[in-house]
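A.B. asks: What follows is a predicted structure for the sequence shown.
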Amino acid sequence: MVSKKKGDKLLRFAVIGSGYMGRSYVEGITKYDTRTKLVAVHGGSRAPQLAKDYGVDYEPSYEKLLKRDDVDAVLIATPHGEHAEETILAAEHGKHVLVEKAMATTVKDCDAMIAACKKAGVYLEVIKTGRFRGVPLRAQKLVEEGAIGKLRMIRGSWLFTVYVDHPTSWLNDPKHGGALMDMGTHNFDSLRHFAKSEIKSVYSTVKTYGKSRLSDLNAMTQVVMQNGVMCQLWMAFEMPEPSLPDFRSNLTLVGDKGMIDMDGYGKLNLAKGGKWETVWTMPPIDYINRPLDPIRLEAFYMQVQLFIDDVLDHRPPTVTGWDGRQAVEGVIAAKLSSERNKVVDLPLPKGKY
């Protein structure tokens with residue numbers, strides 16, 4: 001991280017959204033990030049209390065917030081279906097934007113967000129904490145250092161017994177993209193991030209077995225990257241109790257000289273020279289009972305810090321709008337593939353989805 005120095009310019013934030021993630025980002029900005037200041041909170045029934053808890057302004061009007069001269073950037077942590085409108089409006093008011101995944105629920109909306117921020121000359125970055133958690137961060141370094149040689153195959157699994165614990169949550173509303181959009185944008189971003197390649201084709205079966213408003217609680221997906229890397233993705237939210245060991249985020253990377261097996265919330269294992277070794281183990285994360293534990297928050301405030309430094313130091317964006325868009329396109333392709341029962345080639349026709 002970059003330490004605060006006397007005279008450093010600060011990036012002044014407003015956080016949009018006051019739920020679980022909104023509070024997570026407020027905690028990170030106020031306690032761990034540097035070269036920044038939290039100015040205001042907007043959005044959601046819990047916003048007044050959240051603002052009070054951290055001693056900042058509660059702004060009931062989004063338009064009034066965007067007109068404030070003391071706000072340089074907004075961090076958008078609202079339901080997925082609201083991201084496009086909120087981002088475009090922020091850009092029109094000259095505010096930099098850091099937006100939670102899924103970037104939006106359609107590729108068309110992602111393109112509109114990118115265009116609006118480009119026109120306004122403001123930064124647009126998308127939150128992809130799956131890149132910055134301790135295990136995948138170290139795994140990516142191993143890949144870049146050539147520890148497993150040339151990457152050939154990736155297999156990933158994310159296996160849960162339930163989607164969300166509260167049936168009235170906005171996450172259960174199909175207009176916000178559903179489970180595959182919510183989790184799948186992490187998964188497809190991981191493929192692009194590790195393979196360093198765009199997606200060439202997607203073949204997927206998407207299904208819900210029980211009673212749900214969502215038709216996409218489970219998906220088995222085959223992906224081929226443009227550089228030839230072959231991938232499998234298995235997402236499930238209807239696993240029997242207690243699901244499988246290390247179920248939350250497991251990735252296996254196979255190269256021509258070695259392998260990496262990683263539990264995103266546990267061990268990073270490397271196979272090289274005919275034997276396995278544990279390279280690193282992540283301290284336990286309890287995101288239910290200790291959501292503001294700094295161990296859990298590290299990936300979140302780390303990416304916020306990168307955004308802050310990108311803007312203030314005029315660096316290229318760390319995780320671009322294009323990155324966010326491509327993850328959404330992967331999810332849309334998986335849904336189309338399941339509906340059509342055929343391979344879907346990317347890119348999708350521009351402006352159609």
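C.D. replies: Done, it's in.

A.B. asks: Low-confidence bits of the stretch 1-150 of the chain, can you list those?
C.D. replies: Counting by pLDDT under 70, the ranges of the stretch 1-150 of the chain that qualify are 1-7.

A.B. asks: Which parts of it are helices?
C.D. replies: For the stretch 1-150 of the chain, applying DSSP state H, counting those that start in this stretch gives helices covering 20-31, 47-54, 62-66, 83-92, 107-120, 134-144.

A.B. asks: If you count neighbours, what's buried in the fifth one?
C.D. replies: By that I understand helix 107-120. Residues of helix 107-120 classed as buried: 107-114, 116-117, 120 (neighbour count, 16 or more other CB atoms under 10 Å). Every C-beta, even on glycine, is put in place using the N, C-alpha and C of the backbone.

A.B. asks: any residues touching it, and which ones?
C.D. replies: 83-84, 87-88, 91-92, 94, 97, 99, 103-104, 123-124, 321-322, 324-325, 328-329, 332, 348, 350-353 (CB atoms under 8 Å, 6 or more residues apart in numbering).

A.B. asks: Now do the same contact list for the residue positioned nearest the centre of the chain.
C.D. replies: Nearest to the geometric centre of the chain sits residue 128, at 3.1 Å (CA atoms, centre = their mean). Residues in contact with residue 128, defined by CB under 8 Å, 6+ apart, are 101, 186, 189, 193, 303, 319, 323-324, 327.

A.B. asks: and the two most separated of these?
C.D. replies: Using CB to CB, the two most remote members of these are 303 and 327, lying 14.7 Å apart.

A.B. asks: which residues does the residue lying closest to residue 317 once chain neighbours are set aside contact?
C.D. replies: In space, and not counting its chain neighbours, residue 317 is closest to residue 125: 4.9 Å by CB to CB, 6 or more residues apart in numbering. Applying CB under 8 Å, 6+ apart to residue 125 gives the contacts 97-99, 307, 310, 317-321.

A.B. asks: Over to residue 163?
C.D. replies: Contacts of residue 163 (CB under 8 Å, 6+ apart): 171-172, 179, 212, 214, 217, 237.

A.B. asks: any chance of those in TSV, plus neighbour count?
C.D. replies: Below are the contacts of residue 163 laid out as TSV (neighbours: other CB atoms under 10 Å):
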residue	neighbour count
171	18
172	16
179	26
212	17
214	18
217	22
237	24
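
A.B. asks: what does stretch 256-263 contact?
C.D. replies: Counting by CB under 8 Å, 6+ apart, 135-136, 139, 142-143, 146-150, 152, 246, 248-253, 268-273, 276, 282 sit against stretch 256-263.
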